[in-house]
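Undergrad: Sharing a model that was predicted from the sequence below.
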Amino acid sequence: MSSNQHIVLLGGTGFVGSHLVDALHAAGASIDVLSRNRERLRHLSVFPRVRVLSTDVYDADALAARLANADVVINLVGVLQSDGFGATAFERAHVQLTEALIGAMKSAGRKRLLQMSSLRAGEGTSHYLRTRGLAEVRVKTSGLNWTLFQPSVIFGPGDGLYTRFAGLLKIAPLIPLARASAKFQPVYVKDVVAAMLQSLSDPATVGQVYPLVGPNTYTLKQIVQYTASVLGLSRIVLPLPDVLGRLQGAAFDVLPGAMKPFSGDNFKSLMLDSTSVRNGLIELGIQPTPPELIVPDYVGVSDHQRALDRYRGRQ
């Protein structure tokens, strides 16, 4: 990618976004991270070419003003949970925001868009996958110079996969697991970031959809068992019949979105394997990283140690 590109990033505060900001800055880009709560992102001020701009990203006019000088717009916004049983949060974060962003880009005369989606978007019955698919349709018919990325579950320090299960395994001798046979090809967060950076320097990626998957396929049960082995723990993983898995999800649906460890919509997403024969990483010249090379270095590591490692890595 060009070392002087001006990037506007939506969703820059999340798991992938934090890694992407690091990589973009290291590559010489200037980055504007749009957020409703600028004060929560003071840690990004350590980067001399990163600005955090308070913005209502659902306001097309305000968004267009922030995009006026952007060479590239990257949208990483996504949610895995919604309040209650409905689809409101999914519709807002995936569809409404994408529509607002496309309108703002057109108003600002900006063309290049990188959009995060999900493997199996538009398939199945979950609100998450359905709205991801609707957002993809909006992007594909926008007339913009777009590239779509469809990752399987993403792993890396601080992830919602191995890290989350590690926390549960440390306190629970038995893990009741819905859809234990569901299959994944976990993809390393830095490989996802590398794919995005590659697309910034390759015009051939315009108009392309890239499934991003790791080199190996695992069931959910195997992922949990491997996490336990890394921690040196002996734990029982109890696969639940689908009828009980659905009840488990429904029981958690009464909790607010941010508090749900699992939901009925998660169960529906797990009805589809998150795997792909195609691998956009290989197509982009990136060798996929297996979890076994990375996970042992961060599972069980304290938050303080992770922060220290991140700091040292920037020196």
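TA: Nice, thanks for sending it over.
Undergrad: Please count neighbours and contacts with C-alpha atoms only from this point.
TA: Will do.
Undergrad: and Val254, how many neighbours?
TA: Residues near Val254, counting by other Cα atoms under 10 Å, number 14.
Undergrad: And Arg51, how close does it get to Val33?
TA: 6 Å (Cα to Cα, to the nearest Å).
Undergrad: Kindly report the same for Gln248.
TA: Distance from Gln248 to Val33, by Cα to Cα: 37 Å.
Undergrad: Same question for Phe252.
TA: 33 Å.
Undergrad: and Asn145, what are its bridge partners?
TA: Arg112 (DSSP bridges).
Undergrad: Let me know the pLDDT of it.
TA: pLDDT for Asn145: 98.
Undergrad: before we move on, what about the one 5 residues further on?
TA: Gln150 carries a pLDDT value of 98.
Undergrad: packing partners for the helix or strand containing it?
TA: Using DSSP states H and E, Gln150 sits within strand 145-151. For strand 145-151, the elements it packs on are strand 112-116, helix 127-140, strand 208-212, judged by 3 or more Cα pairs under 8 Å, 6 or more residues apart in numbering; DSSP states H and E.
Undergrad: picking that back up, neighbour count: Phe252 and Val33, which is higher?
TA: Val33 (25 against 18).
Undergrad: Any stretches of this protein with poor pLDDT?
TA: Residues of the chain that meet the criterion pLDDT under 70 lie in 2, 37-43, 45, 84-85, 257-259, 301-315.
Undergrad: Wait, Ser181 touches Ile223, no?
TA: No. Ser181 is beyond contact range of Ile223, at 10.4 Å (criterion: Cα atoms under 8 Å).
Undergrad: Comparing these two, which residue is more hemmed in?
TA: Neighbour totals were compared for Ser181 and Ile223, and Ile223 leads with 20 against 17 (other Cα under 10 Å).
Undergrad: any chance you could map the helices in this structure?
TA: All helices of the chain, identified by DSSP state H, fall at 15-26, 60-66, 88-90, 97-108, 127-140, 162-171, 189-201, 220-231, 242-252, 264-270, 280-283, 303-313.
Undergrad: Quick one: residues contacting the closest residue to His6 other than its chain neighbours.
TA: Nearest residue to His6 in three dimensions, chain neighbours excluded: Ser30, at 4.8 Å (Cα to Cα, 6 or more residues apart in numbering). By Cα atoms under 8 Å, 6 or more residues apart in numbering, Ser30 lies in contact with 4-7, 24, 49-50.
Undergrad: Quick check: which of the helices of the chain is nearest to Leu114?
TA: Between Leu114 and the helices of the chain, the tightest spacing by Cα to Cα is seen for helix 189-201, at 7.6 Å.
Undergrad: Give me the neighbour count for the residue lying closest to Leu20 once chain neighbours are set aside.
TA: Nearest residue to Leu20, sequence neighbours excluded (Cα to Cα, 6+ apart): Val193, at 5.6 Å. If you count neighbours by other Cα under 10 Å, Val193 ends up with 19.
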